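**Q** structure for the following, please:
(one chain, ligands or ions: 1)
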Amino acid sequence: MNFLYDGAINEVAGIFMRGKFRKVLFVADEDAYRVCGADTALESVFEHCLVSRFVGFELNPKLIDIQRGIEVSREFSPDVIVALGGGTAIDLGKLIGSLSVQSADSPDIIRGSDTITQKGPPLIAIPTTAGTGSEETHFAVAYIGDKKFSIAHEFLLPDHSIVDPQLTHSLPARITAATGLDAFCQAIESIWAVGGTEESTDFASEAVEIAVANIVQAVVEPTPATRMAMCRASNLAGKAINISKTTAPHALSYYLTSRYGIPHGIAVALTLTPMLTYNADVCENDCADPRGAEHVQRRIETIVKLLGASNPREACERFSEIVSKIGCPRSLAEAGITTTDQLQNIVSSVNEQRMLNNPRKTTSASLIELLS
Ligand SMILES: [Zn+2]
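**A** The predicted structure is shown next:
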């Protein structure tokens, strides 16, 4: 079940009661847990349970943390997992719960050479950022060394998502900006994605509309209303990419995060406007979407309108203005990435499978040119 309202954290008690849960594995970003205000509600539920706490993991799920979590989970055998935090905590909750019940080796499943066959314990996802929308998706990110993998399976979709905007009230501006940009870009990418459907486009369009109207205030001068709005945008963007998946800006972003430590949402936004310009010039010869170039152009028009612009160039300006107002770099150059070597490394890091979801076909040469 999916709950989204101020105070939704109190739903956890009912979920525990209905599920008769007694043994909980709590996967939590400790810093977020300390400040977000979820502790009063959760500790009163945990009082009646056996609790194992999995904390102290690195940002962006790493194999070493996943394996440590799997060991804890196998030993403890929880009847429910509660994951609280940003995308990392929720993805860890998904991976630890699921991988701990598979007979196949975890690194093989992560690399895609083996598959998930069993459902793990029920997962309750409680995001404290707005956000990755991970509470609404059936995939998780994992890093083995520098290499990023995306694991997708219906069993990874959380059984319950508790989105309580009040938990985001204490988020510092920089995290609000980075996570808000992630939601914003996920929604834009979803609209032009080859995997996009009418349903995902409806979710994504609403998310873009809400983000355009609220992201700047949510960062600069947050109010309960703008926090609520960004939580809705993030949740809708999650529902959208759960269907459509993401495209080029995401594929290009992972290296920027692992190599340069640029926060995920900021890294994605760095290549959004070059890709918008590039995708807007799609023609039949280089169109990757079987529905044709005209279909893609209509989708781009939708994005342009949602950004309050009348053509793709204006839409890029509008997007860059928002990025600048929330204090983030608008381009790779502004993020300090200027040399051809650096661009080449970014382009050669890209997962080609993910690139196939971009509506206009790309080559290494076309990517380097458009990012220069
Ligand atoms: Zn993302």
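**Q** how close does the residue most central in space within the chain sit to Gly238?
**A** Central residue of the chain (Cα atoms, centre = their mean): Thr132, 2.9 Å from the mean position. Distance, Thr132 to Gly238, by Cβ to Cβ, to the nearest Å: 7 Å. (Glycine included, C-beta is placed from N, CA and C.)
**Q** overlap of the contact sets of the two?
**A** Counting by Cβ atoms under 8 Å, 6 or more residues apart in numbering, the common neighbours of Thr132 and Gly238 are 183, 186.
**Q** count of neighbours near Ser310?
**A** Residues lying near Ser310 (other Cβ atoms under 10 Å) number 11.
**Q** typo on my end, it should be Leu307
**A** 23.
**Q** and it, how far from Ala125?
**A** From Leu307 to Ala125 the distance is 30 Å (Cβ to Cβ).
**Q** same check on Ala225?
**A** Note on Ala225: its distance to Ala125, by Cβ to Cβ, is 24 Å.
**Q** between these two, which one's more packed in?
**A** Taking other Cβ under 10 Å, Ala225 and Ala125 do not tie; Ala125 has more neighbours (28 against 12).
**Q** wait, that one sits on Gly93?
**A** Yes. Taking contacts as Cβ atoms under 8 Å, Ala125 lies within contact range of Gly93: 6.5 Å.
**Q** now the residue of the chain most remote from its centre, what's its secondary structure?
**A** Farthest-out residue of the chain from its mean C-alpha position, per Cα atoms, centre = their mean: His48, at 32.7 Å. Following DSSP: H, G, I helix; E, B strand; the rest coil, we place His48 in the coil state.
**Q** give me phi/psi at it?
**A** phi -100, psi 10 (degrees, to the nearest 10).
**Q** show me the contacts for it.
**A** Arg22.
**Q** just the pLDDT for it.
**A** On pLDDT, His48 comes in at 93.
**Q** state the distance from it to Ala187.
**A** Relative to Ala187, and taking Cβ to Cβ, His48 is found at 39 Å.
**Q** cool, Pro122 as well?
**A** Using Cβ to Cβ, Pro122 is found at 28 Å from Ala187.
**Q** so which of the two has more stuff around it?
**A** Comparing Pro122 with Ala187 by other Cβ under 10 Å, the one with more neighbours is Ala187, at 33 against 17.
**Q** give the helix, strand or coil label for that one.
**A** Ala187 is classified as helix under three-state DSSP.
**Q** the closest residue to it other than its chain neighbours - how many residues pack around it?
**A** Leaving out its chain neighbours, the residue that sits closest to Ala187 by Cβ to Cβ, 6 or more residues apart in numbering is Ala207, at 3.7 Å. By other Cβ under 10 Å, 30 other residues sit near Ala207.
**Q** give me the element Ala207 is part of.
**A** Per DSSP states H and E, Ala207 falls inside helix 198-220.
**Q** for that helix, packing partners?
**A** helix 173-192, helix 224-244, helix 293-306, helix 312-325 (3 or more Cβ pairs under 8 Å, 6 or more residues apart in numbering; DSSP states H and E).
**Q** just name the most buried of those helices.
**A** Greatest average neighbour count among the helices and strands packed on helix 198-220 goes to helix 173-192 (a mean of 27), per mean count of other Cβ atoms under 10 Å.
**Q** go ahead and confirm Ala25 touches Pro78.
**A** Not Ala; residue 25 is Leu. Yes. Using Cβ under 8 Å, Leu25 is in contact with Pro78, at 3.8 Å.
**Q** which residues do these two both contact?
**A** In contact with both Leu25 and Pro78: 52, 97, 121, using Cβ under 8 Å, 6+ apart.
**Q** that concludes my questions; thank you for your assistance.
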